[in-house]
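I'll drop the sequence and a predicted model, then ask my questions.
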Amino acid sequence: MSSPYTVPAETGEVPTTEVSAETVKEAADRLIAAHFDGVACAPVRDLIGRDDVAAAYQVQEQLNAAKTERGARIVGRKIGATSEAVQTQLGVDQPDFGVLFDDMAFSDVDGADGAEIPAGRLIQAKVEAEVAFVLEQDLAEGPLDEAQIRGAIGQVVAALEIVDSRVTDWDISFADTVADNASSGLYVLGGEAKSLDEVNPLDVTMSMTINGDEVSTGDGAACLGDPLNAVAWLAHQARTFGEPLRKGQVILSGALGPMRPVSPGDVVTATITGLGTVTARFAQPSTDATSTDQENNS
């Protein structure tokens, strides 16, 4: 049975802030430096406040612009903090959204060996299992109602989102995670794509293991009541902020269960009913790289 199609009311207006442009830039510069240097930084809430949504998304825009200026290409969006379990873990009480870039994408096409995640790409990685969607139509005009959302989805895929934080020790408020591109890191798509005629995202169940041990479980209802509700929420928000969802984009709809930290050498596998499995293998730093780091630090 499908859950009711409910999304927050759309105001049609982008939220505003009293935080100055100079302060927004200072916060963005802090996160940009952390992102490209690979060294975590202090939270930005000292600059923009804990709950200023408008200022936080302005910081996110500047962070993401720095990536596109360096050649990264936007390929989709992610919804964060959609499950109560993850909201509790992060200490937030509402979902947020971020941008997916082409250099964040990995694929587990055979569902056996898994996607190899290079060492050094992440600062303090955690993993969560999700239902991903690939759009075959824009979600820019029209009512964005249930029929339009379902009609725009071409594929449903099992996914692992590898979240990361540029903020030291994940010491984040809602504004910190929004500013930090919704704590985006990388993502892995499974190789078993289905249509909505073949799988109902609300009905799926999930089990995630690290090195063979089950560490997280959940179901479709944990994601804003239904992963399709999460897509609808995102479609409204994206249009309100002036960047609607487009054909071909990947949408990560949010965690089905608690996220878990990972370390180099770990193997993470999520099994989602109806969508198969998706695996990520986290590479160990090479001996040469370790030796070089030790020499540089001596």
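Looks like it arrived, so ask away.

looking at it, residue 174 is touching residue 56, isn't it?
Yes. Assessed by C-beta atoms under 8 Å, residue 174 is found in contact with residue 56 at 7.4 Å. C-beta here means a position set from N, CA and C on the backbone, and glycine is covered the same way.

Between these two, which has more neighbouring residues?
More crowded of residue 174 and residue 56, by other C-beta atoms under 10 Å: residue 56, with 30 against 22.

Surely the more buried one touches residue 181?
No. Using C-beta under 8 Å, residue 56 makes no contact with residue 181, being 10.4 Å away.

how about the helices of the stretch 151-298 of the chain, start to end?
Assigned by DSSP state H, counting those that start in this stretch, the helices in the stretch 151-298 of the chain fall at 174-179, 227-240, 287-297.

Please read the previous query as pertaining to the stretch 1-150 of the chain.
21-37, 45-48, 53-69, 84-90, 146-152.

Find the nearest non-adjacent residue to residue 121, please.
In space, and not counting its chain neighbours, residue 121 is closest to residue 186: 6.6 Å by C-beta to C-beta, 6 or more residues apart in numbering.

For that neighbour, give its distance to residue 106.
Distance, residue 186 to residue 106, by C-beta to C-beta, to the nearest Å: 6 Å.

got any residues that touch both of those two?
Common contacts of residue 186 and residue 106, defined by C-beta atoms under 8 Å, 6 or more residues apart in numbering, comprise residue 117.

higher neighbour count, these two?
Regarding residue 186 and residue 106, a neighbour count based on other C-beta under 10 Å identifies residue 186 as having more, with 23 against 19.

Correct me if wrong: that one contacts residue 162.
Yes. Between residue 186 and residue 162 there is a contact at 4.3 Å, judged by C-beta under 8 Å.

what sits against the residue nearest to residue 259 when sequence neighbours are not counted?
Sequence neighbours aside, residue 128 is the residue nearest to residue 259 in space, at 3.9 Å (criterion: C-beta to C-beta, 6+ apart). Shown in contact with residue 128 (C-beta under 8 Å, 6+ apart): 86, 160, 161, 163, 208, 216, 255, 256, 257, 258, 259, 260.
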